[in-house]
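Trainee: The sequence and its predicted three-dimensional model are supplied below.
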Amino acid sequence: MLSRALIGRLPALSLLLIATASCGSPTGVDKTAPVPPETGAEVWPKRSFATHETLWAVSGTSASSVWAVGEAGTILYYNGTLWYAFTNGIPGVSLTGVWAASPAEVWAVGTGGIILHNHNANWTPVSSGTTQDLYNVLGISVSDVWAVGGAGTVLHYNGTAWSTVPSVTSQPLFGIWGSSPTDIWAVGAKGTILHFDGASWSNVSSGTTDYRAVWGSSSSDIWAVGSVPAEFATTGSIVHFNGITWSTVSTATTRFSFGVWGIWGSSASEVWAVTSNDALSGRILHYNGTTWSVASSEPTLGPQYAIWGTSASDVWTVGFGGDVRHGPPPR
(Lines give C-alpha, C1' and ligand atoms only; values in the text may rest on other atoms or scores of the structure.)
Protein backbone atom coordinates (compact mmCIF):
# COMPACT_ATOMS: atom_id res chain seq x y z
CA MET A 1 0.00 0.00 0.00
CA LEU A 2 1.37 3.41 -0.92
CA SER A 3 2.04 6.02 1.75
CA ARG A 4 0.92 9.61 1.40
CA ALA A 5 4.58 10.68 1.43
CA LEU A 6 5.35 8.41 -1.52
CA ILE A 7 2.35 9.68 -3.45
CA GLY A 8 3.64 13.21 -3.08
CA ARG A 9 6.96 12.28 -4.70
CA LEU A 10 5.56 10.38 -7.68
CA PRO A 11 6.31 11.84 -11.11
CA ALA A 12 3.63 12.92 -13.53
CA LEU A 13 2.21 10.11 -15.62
CA SER A 14 3.58 9.78 -19.12
CA LEU A 15 1.75 8.73 -22.25
CA LEU A 16 2.72 5.35 -23.63
CA LEU A 17 1.26 4.32 -26.96
CA ILE A 18 0.08 0.75 -27.28
CA ALA A 19 2.24 0.29 -30.38
CA THR A 20 4.31 3.36 -31.24
CA ALA A 21 5.27 6.18 -28.88
CA SER A 22 5.24 9.81 -30.00
CA CYS A 23 5.57 12.77 -27.67
CA GLY A 24 3.78 15.23 -29.93
CA SER A 25 0.72 13.98 -31.78
CA PRO A 26 0.59 10.26 -30.93
CA THR A 27 -0.37 7.68 -33.51
CA GLY A 28 -1.34 4.13 -32.73
CA VAL A 29 -2.53 0.83 -34.06
CA ASP A 30 -6.23 0.35 -34.71
CA LYS A 31 -7.43 -2.06 -32.03
CA THR A 32 -11.15 -1.62 -32.59
CA ALA A 33 -11.77 -4.53 -35.00
CA PRO A 34 -13.37 -7.66 -33.50
CA VAL A 35 -11.09 -10.63 -32.98
CA PRO A 36 -12.17 -14.26 -33.50
CA PRO A 37 -13.64 -15.77 -30.33
CA GLU A 38 -11.71 -18.52 -28.61
CA THR A 39 -14.72 -20.86 -28.78
CA GLY A 40 -17.96 -20.50 -30.72
CA ALA A 41 -19.50 -17.41 -32.27
CA GLU A 42 -19.93 -14.37 -30.06
CA VAL A 43 -22.95 -12.13 -30.44
CA TRP A 44 -21.13 -9.26 -28.74
CA PRO A 45 -17.50 -9.54 -29.90
CA LYS A 46 -14.46 -8.84 -27.80
CA ARG A 47 -12.32 -5.81 -28.59
CA SER A 48 -8.61 -6.50 -28.64
CA PHE A 49 -6.05 -4.57 -26.56
CA ALA A 50 -2.43 -4.87 -25.59
CA THR A 51 -3.37 -5.66 -21.99
CA HIS A 52 -4.20 -8.76 -20.04
CA GLU A 53 -4.76 -6.87 -16.81
CA THR A 54 -8.20 -7.02 -15.24
CA LEU A 55 -10.15 -3.82 -15.80
CA TRP A 56 -12.38 -2.57 -12.96
CA ALA A 57 -14.03 0.57 -14.31
CA VAL A 58 -15.04 2.35 -17.52
CA SER A 59 -16.36 5.86 -18.11
CA GLY A 60 -16.31 8.60 -20.70
CA THR A 61 -17.96 11.66 -22.16
CA SER A 62 -18.84 10.56 -25.69
CA ALA A 63 -18.50 7.74 -28.19
CA SER A 64 -15.05 9.09 -29.06
CA SER A 65 -13.76 9.63 -25.53
CA VAL A 66 -13.73 6.55 -23.29
CA TRP A 67 -11.48 5.63 -20.35
CA ALA A 68 -10.89 2.24 -18.69
CA VAL A 69 -8.74 1.52 -15.62
CA GLY A 70 -7.63 -1.58 -13.76
CA GLU A 71 -4.90 -3.71 -12.24
CA ALA A 72 -1.22 -2.73 -12.27
CA GLY A 73 -2.16 0.92 -12.73
CA THR A 74 -3.66 0.26 -16.16
CA ILE A 75 -5.16 3.34 -17.86
CA LEU A 76 -6.59 3.01 -21.36
CA TYR A 77 -8.08 5.72 -23.58
CA TYR A 78 -10.23 5.29 -26.69
CA ASN A 79 -10.58 8.25 -29.07
CA GLY A 80 -13.24 6.73 -31.30
CA THR A 81 -10.72 5.01 -33.55
CA LEU A 82 -7.61 4.03 -31.63
CA TRP A 83 -6.80 2.77 -28.14
CA TYR A 84 -3.90 4.22 -26.17
CA ALA A 85 -2.30 3.12 -22.91
CA PHE A 86 -0.91 5.38 -20.20
CA THR A 87 1.76 4.24 -17.79
CA ASN A 88 1.49 5.73 -14.31
CA GLY A 89 4.83 4.64 -12.88
CA ILE A 90 3.17 3.41 -9.68
CA PRO A 91 3.86 -0.34 -9.38
CA GLY A 92 1.38 -2.42 -7.45
CA VAL A 93 -1.50 0.04 -7.60
CA SER A 94 -4.94 -1.11 -8.68
CA LEU A 95 -7.16 1.58 -10.18
CA THR A 96 -10.80 0.77 -9.43
CA GLY A 97 -12.76 3.90 -10.37
CA VAL A 98 -12.71 6.52 -13.13
CA TRP A 99 -14.88 9.54 -13.97
CA ALA A 100 -14.51 11.98 -16.86
CA ALA A 101 -15.89 15.50 -16.95
CA SER A 102 -14.42 16.06 -20.40
CA PRO A 103 -11.70 14.47 -22.54
CA ALA A 104 -9.21 16.75 -20.80
CA GLU A 105 -10.54 16.49 -17.24
CA VAL A 106 -10.53 12.98 -15.72
CA TRP A 107 -10.18 11.48 -12.22
CA ALA A 108 -9.10 7.94 -11.30
CA VAL A 109 -8.92 6.35 -7.84
CA GLY A 110 -7.48 3.16 -6.41
CA THR A 111 -5.70 1.27 -3.69
CA GLY A 112 -3.87 2.97 -0.84
CA GLY A 113 -5.88 6.18 -1.24
CA ILE A 114 -4.39 6.95 -4.64
CA ILE A 115 -6.08 9.69 -6.65
CA LEU A 116 -4.87 10.53 -10.15
CA HIS A 117 -5.92 13.59 -12.13
CA ASN A 118 -5.71 14.04 -15.86
CA HIS A 119 -5.71 17.64 -17.02
CA ASN A 120 -5.03 18.28 -20.70
CA ALA A 121 -3.36 14.86 -21.20
CA ASN A 122 -1.10 15.30 -18.15
CA TRP A 123 -1.78 12.66 -15.44
CA THR A 124 -0.53 13.53 -11.96
CA PRO A 125 -1.08 12.08 -8.45
CA VAL A 126 -3.07 14.27 -6.06
CA SER A 127 -3.04 14.08 -2.27
CA SER A 128 -6.19 12.37 -0.99
CA GLY A 129 -5.56 12.66 2.74
CA THR A 130 -6.24 8.95 3.27
CA THR A 131 -4.50 5.59 2.90
CA GLN A 132 -7.80 3.71 2.68
CA ASP A 133 -8.45 1.94 -0.61
CA LEU A 134 -10.71 4.04 -2.83
CA TYR A 135 -13.17 2.10 -4.97
CA ASN A 136 -15.14 4.62 -7.01
CA VAL A 137 -15.36 8.23 -8.07
CA LEU A 138 -18.23 10.40 -9.32
CA GLY A 139 -18.45 14.00 -10.42
CA ILE A 140 -21.52 16.20 -10.50
CA SER A 141 -19.35 18.95 -11.97
CA VAL A 142 -15.63 19.76 -12.19
CA SER A 143 -15.87 21.44 -8.77
CA ASP A 144 -18.11 18.83 -7.14
CA VAL A 145 -16.43 15.40 -7.22
CA TRP A 146 -16.84 12.50 -4.77
CA ALA A 147 -14.77 9.40 -4.01
CA VAL A 148 -15.69 6.48 -1.74
CA GLY A 149 -13.73 3.60 -0.30
CA GLY A 150 -12.71 1.39 2.59
CA ALA A 151 -13.99 1.78 6.16
CA GLY A 152 -16.78 4.09 5.01
CA THR A 153 -14.37 6.64 3.55
CA VAL A 154 -16.05 9.55 1.75
CA LEU A 155 -13.95 12.26 0.10
CA HIS A 156 -15.05 15.45 -1.66
CA TYR A 157 -13.27 17.69 -4.18
CA ASN A 158 -14.44 21.32 -4.31
CA GLY A 159 -12.47 22.36 -7.38
CA THR A 160 -9.33 23.11 -5.36
CA ALA A 161 -8.55 20.26 -2.97
CA TRP A 162 -9.82 16.92 -1.67
CA SER A 163 -11.10 16.65 1.91
CA THR A 164 -12.56 13.93 4.11
CA VAL A 165 -16.31 14.16 4.73
CA PRO A 166 -17.88 12.76 7.92
CA SER A 167 -19.30 9.32 7.17
CA VAL A 168 -22.13 7.43 8.83
CA THR A 169 -20.74 3.94 8.27
CA SER A 170 -17.57 1.95 8.82
CA GLN A 171 -18.40 -0.45 6.00
CA PRO A 172 -16.46 -0.23 2.73
CA LEU A 173 -18.27 1.75 0.04
CA PHE A 174 -17.98 0.42 -3.53
CA GLY A 175 -20.38 2.43 -5.70
CA ILE A 176 -21.61 6.01 -6.04
CA TRP A 177 -24.11 7.79 -8.30
CA GLY A 178 -26.00 11.06 -8.18
CA SER A 179 -28.63 13.02 -10.08
CA SER A 180 -27.72 16.43 -8.62
CA PRO A 181 -25.57 18.06 -5.91
CA THR A 182 -28.40 17.38 -3.43
CA ASP A 183 -29.17 13.79 -4.44
CA ILE A 184 -26.19 11.43 -4.25
CA TRP A 185 -26.20 7.75 -3.34
CA ALA A 186 -23.35 5.51 -2.17
CA VAL A 187 -23.54 1.75 -1.63
CA GLY A 188 -21.35 -0.82 0.04
CA ALA A 189 -20.94 -3.94 2.14
CA LYS A 190 -23.53 -5.52 4.46
CA GLY A 191 -26.52 -3.72 3.01
CA THR A 192 -25.05 -0.24 3.24
CA ILE A 193 -26.93 2.42 1.28
CA LEU A 194 -26.14 6.06 2.03
CA HIS A 195 -27.80 9.25 0.77
CA PHE A 196 -26.44 12.79 0.58
CA ASP A 197 -29.03 15.58 0.54
CA GLY A 198 -26.65 18.46 -0.10
CA ALA A 199 -25.86 18.96 3.59
CA SER A 200 -25.01 15.60 5.15
CA TRP A 201 -24.92 11.85 4.57
CA SER A 202 -27.48 9.50 6.13
CA ASN A 203 -27.81 5.72 6.28
CA VAL A 204 -31.09 4.63 4.72
CA SER A 205 -30.82 0.85 4.47
CA SER A 206 -29.47 -2.28 6.11
CA GLY A 207 -29.31 -5.96 5.29
CA THR A 208 -26.88 -8.58 4.05
CA THR A 209 -26.30 -7.62 0.42
CA ASP A 210 -22.80 -6.48 -0.46
CA TYR A 211 -23.71 -3.74 -2.94
CA ARG A 212 -21.15 -3.14 -5.69
CA ALA A 213 -22.69 -0.46 -7.89
CA VAL A 214 -25.57 2.01 -8.12
CA TRP A 215 -27.14 3.84 -11.07
CA GLY A 216 -30.37 5.68 -11.79
CA SER A 217 -32.29 7.30 -14.61
CA SER A 218 -33.76 9.87 -12.19
CA SER A 219 -34.10 10.58 -8.48
CA SER A 220 -37.10 8.23 -8.33
CA ASP A 221 -35.69 5.39 -10.44
CA ILE A 222 -32.46 4.04 -8.94
CA TRP A 223 -30.91 0.57 -9.01
CA ALA A 224 -28.26 -1.03 -6.80
CA VAL A 225 -26.61 -4.38 -7.51
CA GLY A 226 -24.38 -6.78 -5.65
CA SER A 227 -24.26 -10.17 -3.98
CA VAL A 228 -25.82 -11.86 -0.97
CA PRO A 229 -23.63 -14.19 1.10
CA ALA A 230 -24.94 -17.77 1.27
CA GLU A 231 -23.79 -20.93 3.02
CA PHE A 232 -21.61 -22.24 0.22
CA ALA A 233 -21.49 -19.32 -2.23
CA THR A 234 -23.00 -15.93 -2.96
CA THR A 235 -25.96 -15.07 -5.13
CA GLY A 236 -26.72 -12.04 -7.24
CA SER A 237 -28.94 -9.27 -5.94
CA ILE A 238 -30.74 -6.31 -7.51
CA VAL A 239 -32.73 -3.71 -5.56
CA HIS A 240 -34.76 -0.71 -6.75
CA PHE A 241 -35.64 2.70 -5.30
CA ASN A 242 -38.89 4.28 -6.49
CA GLY A 243 -38.38 7.64 -4.83
CA ILE A 244 -39.81 6.45 -1.52
CA THR A 245 -38.47 3.02 -0.57
CA TRP A 246 -35.91 0.42 -1.61
CA SER A 247 -37.19 -3.05 -2.50
CA THR A 248 -35.65 -6.31 -3.68
CA VAL A 249 -36.41 -7.22 -7.28
CA SER A 250 -37.14 -10.81 -8.24
CA THR A 251 -34.68 -11.76 -10.99
CA ALA A 252 -32.86 -14.68 -12.51
CA THR A 253 -29.59 -13.57 -10.91
CA THR A 254 -29.26 -16.34 -8.33
CA ARG A 255 -27.24 -18.34 -10.86
CA PHE A 256 -24.40 -15.81 -10.66
CA SER A 257 -22.43 -17.18 -7.76
CA PHE A 258 -20.04 -14.23 -7.66
CA GLY A 259 -22.81 -11.64 -7.90
CA VAL A 260 -23.74 -8.63 -10.00
CA TRP A 261 -20.93 -6.10 -10.32
CA GLY A 262 -22.01 -3.18 -12.48
CA ILE A 263 -25.11 -1.43 -13.79
CA TRP A 264 -25.86 1.30 -16.33
CA GLY A 265 -28.74 2.35 -18.53
CA SER A 266 -29.62 4.70 -21.35
CA SER A 267 -33.17 5.20 -20.02
CA ALA A 268 -35.63 3.81 -17.48
CA SER A 269 -36.52 1.00 -19.89
CA GLU A 270 -33.05 0.21 -21.23
CA VAL A 271 -30.86 -0.93 -18.34
CA TRP A 272 -28.03 -3.47 -18.31
CA ALA A 273 -26.10 -5.14 -15.52
CA VAL A 274 -22.94 -7.25 -15.67
CA THR A 275 -22.13 -10.31 -13.59
CA SER A 276 -19.46 -12.75 -12.59
CA ASN A 277 -20.78 -16.30 -12.65
CA ASP A 278 -17.51 -17.77 -11.44
CA ALA A 279 -13.79 -17.22 -11.95
CA LEU A 280 -14.08 -17.72 -15.72
CA SER A 281 -17.45 -16.50 -16.96
CA GLY A 282 -19.96 -13.67 -16.75
CA ARG A 283 -23.27 -12.60 -18.24
CA ILE A 284 -25.20 -9.54 -19.32
CA LEU A 285 -28.61 -8.86 -17.75
CA HIS A 286 -31.21 -6.59 -19.35
CA TYR A 287 -34.18 -4.66 -17.96
CA ASN A 288 -36.86 -3.64 -20.47
CA GLY A 289 -38.87 -1.39 -18.18
CA THR A 290 -40.88 -4.29 -16.77
CA THR A 291 -38.69 -7.29 -16.02
CA TRP A 292 -35.06 -8.36 -15.74
CA SER A 293 -33.74 -11.26 -17.77
CA VAL A 294 -30.50 -12.84 -18.87
CA ALA A 295 -29.76 -11.35 -22.29
CA SER A 296 -31.47 -13.61 -24.81
CA SER A 297 -28.44 -13.86 -27.07
CA GLU A 298 -25.67 -14.57 -24.56
CA PRO A 299 -22.11 -14.08 -25.71
CA THR A 300 -19.40 -16.14 -24.07
CA LEU A 301 -17.94 -13.67 -21.62
CA GLY A 302 -15.34 -13.63 -18.94
CA PRO A 303 -16.34 -12.08 -15.61
CA GLN A 304 -17.52 -8.51 -16.24
CA TYR A 305 -17.03 -5.84 -13.59
CA ALA A 306 -18.26 -2.52 -15.00
CA ILE A 307 -20.50 -1.08 -17.68
CA TRP A 308 -20.97 2.39 -19.21
CA GLY A 309 -22.27 3.86 -22.43
CA THR A 310 -23.52 6.88 -24.32
CA SER A 311 -26.68 5.30 -25.75
CA ALA A 312 -28.47 1.97 -26.07
CA SER A 313 -26.36 1.19 -29.13
CA ASP A 314 -23.00 2.38 -27.76
CA VAL A 315 -22.19 0.44 -24.59
CA TRP A 316 -18.89 -0.73 -23.09
CA THR A 317 -18.19 -3.45 -20.53
CA VAL A 318 -14.84 -4.33 -18.98
CA GLY A 319 -13.68 -7.25 -16.92
CA PHE A 320 -11.30 -10.05 -16.11
CA GLY A 321 -8.02 -10.31 -18.01
CA GLY A 322 -8.60 -7.19 -20.08
CA ASP A 323 -11.92 -8.44 -21.50
CA VAL A 324 -13.60 -5.45 -23.18
CA ARG A 325 -16.86 -5.49 -25.16
CA HIS A 326 -18.40 -2.67 -27.22
CA GLY A 327 -21.49 -2.05 -29.30
CA PRO A 328 -25.23 -2.63 -28.93
CA PRO A 329 -25.42 -5.11 -26.04
CA PRO A 330 -27.55 -8.24 -26.30
CA ARG A 331 -31.10 -8.13 -24.95
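Mentor: Yes, it's here.
Trainee: All the helices of this structure, in order from the start?
Mentor: Using DSSP state H, the helices of the chain run over 4-9.
Trainee: show me the contacts for the nearest residue to S62 once chain neighbours are set aside.
Mentor: Using CB to CB, 6 or more residues apart in numbering and skipping the chain neighbours, the partner closest in space to S62 is T310 (6.1 Å). Placement of C-beta: from N, CA and C, glycine included. When contacts are counted by CB atoms under 8 Å, 6 or more residues apart in numbering, T310 touches G60, S62, A63.
Trainee: With E71 instead?
Mentor: E71 neighbours (CB under 8 Å, 6+ apart): E53, T54, L55, W56, S94, L95.
Trainee: Next, work out how far apart the residue lying closest to it once chain neighbours are set aside and P330 are.
Mentor: Leaving aside its sequence neighbours, E71 sits nearest to E53 (CB to CB, 6+ apart; 4.2 Å). Distance, E53 to P330, using CB to CB, to the nearest Å: 25 Å.
Trainee: give me phi/psi at the residue nearest to E71?
Mentor: Here is the backbone geometry of E53 (degrees, to the nearest 10): phi -80, psi 140.
Trainee: so how far is G319 from it?
Mentor: 11 Å.
Trainee: higher neighbour count, these two?
Mentor: Higher neighbour count among E53 and G319: G319, with 26 against 19, using other CB atoms under 10 Å.
Trainee: which residues does the more buried one bridge with?
Mentor: Q304 (DSSP bridges).
Trainee: Give me the local confidence score for it.
Mentor: Listed pLDDT for G319 reads 91.
Trainee: Narrow the contacts of T310 to those that are buried.
Mentor: Among the contacts of T310, those scoring as buried are G60 (criterion: 16 or more other CB atoms under 10 Å).
Trainee: Same list (the contacts of T310) but as JSON lines, adding pLDDT and distance to T192.
Mentor: Output for the contacts of T310, formatted as JSON lines (pLDDT from 0 to 100; distance: CB to CB, whole Å):
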{"residue": "G60", "pLDDT": "97", "distance to T192": "28"}
{"residue": "S62", "pLDDT": "96", "distance to T192": "33"}
{"residue": "A63", "pLDDT": "94", "distance to T192": "34"}
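Trainee: the strands in the stretch 151-300 of the chain, which residues?
Mentor: 154-157, 162-164, 173-180, 183-188, 193-196, 201-205, 210-218, 221-229, 234-241, 246-248, 260-267, 270-275, 284-287, 292-294 (DSSP state E, counting those that start in this stretch).
Trainee: okay, those in CSV with distance to F86 next?
Mentor: CSV is the format used below for these (distance: least, CB to CB, whole Å):
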stretch, distance to F86
strand 154-157, 21
strand 162-164, 21
strand 173-180, 23
strand 183-188, 27
strand 193-196, 31
strand 201-205, 33
strand 210-218, 24
strand 221-229, 29
strand 234-241, 33
strand 246-248, 38
strand 260-267, 22
strand 270-275, 24
strand 284-287, 28
strand 292-294, 35
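Trainee: hmm, who's touching stretch 56-70?
Mentor: Residues from elsewhere that reach stretch 56-70 (CB under 8 Å, 6+ apart): 51, 53-55, 71, 74-81, 94-103, 106, 108, 110, 136, 305-308, 310-311, 314, 316-318, 322, 324.
Trainee: What residues sit buried inside that stretch?
Mentor: For stretch 56-70, by 16+ other CB under 10 Å, it's W56, A57, V58, S59, G60, T61, S65, V66, W67, A68, V69, G70.
Trainee: now the first one, nearest residue through space, not along the chain?
Mentor: Setting aside the residues directly before and after it, W56 is nearest to T96 in space (CB to CB, 6+ apart), at 4.4 Å.
Trainee: I figured that neighbour was touching Y135, is that so?
Mentor: Yes. With contacts counted by CB atoms under 8 Å, T96 reaches Y135, the gap being 5.0 Å.
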